[in-house]
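> Generate a structure from the sequence data that follows.
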Amino acid sequence: MKLYTYFRSSAAYRVRIALNLKGIPYESLAVNLLKGEQKDEAYGAVNPQKRVPALDIGGQVLTQSPAILEYLDEIHPEPPLLPRGAVNRAKIRAVAAIVGCDIHPLNNLGPLKYLKHKLGHDQAAIDEWYAHWVREGFDAIETMIEPGPYCFGSRVSLADVYLVPQVFNARRLNIPLDAYPKIVAVDAACAELPAFQDAAPERQPDAV
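Predicted structure coming up:
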């Protein structure tokens, strides 16, 4: 497998974690988002949306991290990202959706550039926009997760795969996390696992 990735992309970060958890070997192909490499014609032929991640599985290229994660869980069911039990699975999906649908889209590179270049907001206003949506999501997640030591018990789940990259982003933007002790504890527990360590942005070949 070949993963088109960018070291600080939280969506690509999720996929790296999942690939590592499942022990699936892959080749990293860096796409520098800050340099606009995702807009190159060559990459557009790989992913028409011109975003990362994209996963080349040999003859097919999968895009969008939720779809890629579901695919990986279907073809490599062990260890599962979703446990048995409809209620448990729904709880985990809800946390993943808060990150993937409510926080990340509003704080992605595209919207932030639009706020700056099209709407004329200064960096302080953009930073507050970013922090606001992180706090909105984390306020809910803090009450929903059940650490033990991961988001929902003693096994890593899809919720952890989504949450850890978002915590990384929050720290990178200097957003205080004192109000979220459960989230911080989950992040610390995941940081002890090689799958998360090897997926970390600073460990990627294109890290700068």
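> can you pull the contacts of I103?
Counting by C-beta atoms under 8 Å, 6 or more residues apart in numbering, I103 touches 133-134, 136-137, 166. For the C-beta atoms, the positions are set from N, CA and C on the backbone; glycine is no exception.
> what's the following helix or strand after the helix or strand of the chain with the lowest mean pLDDT?
Sorted by mean pLDDT, DSSP states H and E, the helices and strands of the chain end with helix 109-113, the least confident at a mean of 74. Of the helices and strands lying after helix 109-113 in sequence (DSSP states H and E), the nearest is helix 123-144.
> for that next one, packing partners?
With contacts defined as 3 or more C-beta pairs under 8 Å, 6 or more residues apart in numbering; DSSP states H and E, the packing partners of helix 123-144 are helix 86-97, helix 109-113, helix 158-172, helix 181-190.
> Let me see the confidence value for the most far-flung residue of the chain relative to its centre.
Going by C-alpha atoms, centre = their mean, the residue of the chain most distant from its centre is G120, 27.9 Å out. Listed pLDDT for G120 reads 82.
> How about L106?
The confidence metric pLDDT takes the value 76 at L106.
> Near E78, how many residues? Count them for me, please.
Here the number of neighbours of E78 (other C-beta atoms under 10 Å) works out to 8.
> nope, S154 is what I was after
By the other C-beta under 10 Å criterion, the neighbourhood of S154 contains 9 residues.
> Surely it touches G148?
Yes. In this structure S154 lies within contact range of G148 using C-beta atoms under 8 Å: 5.6 Å.
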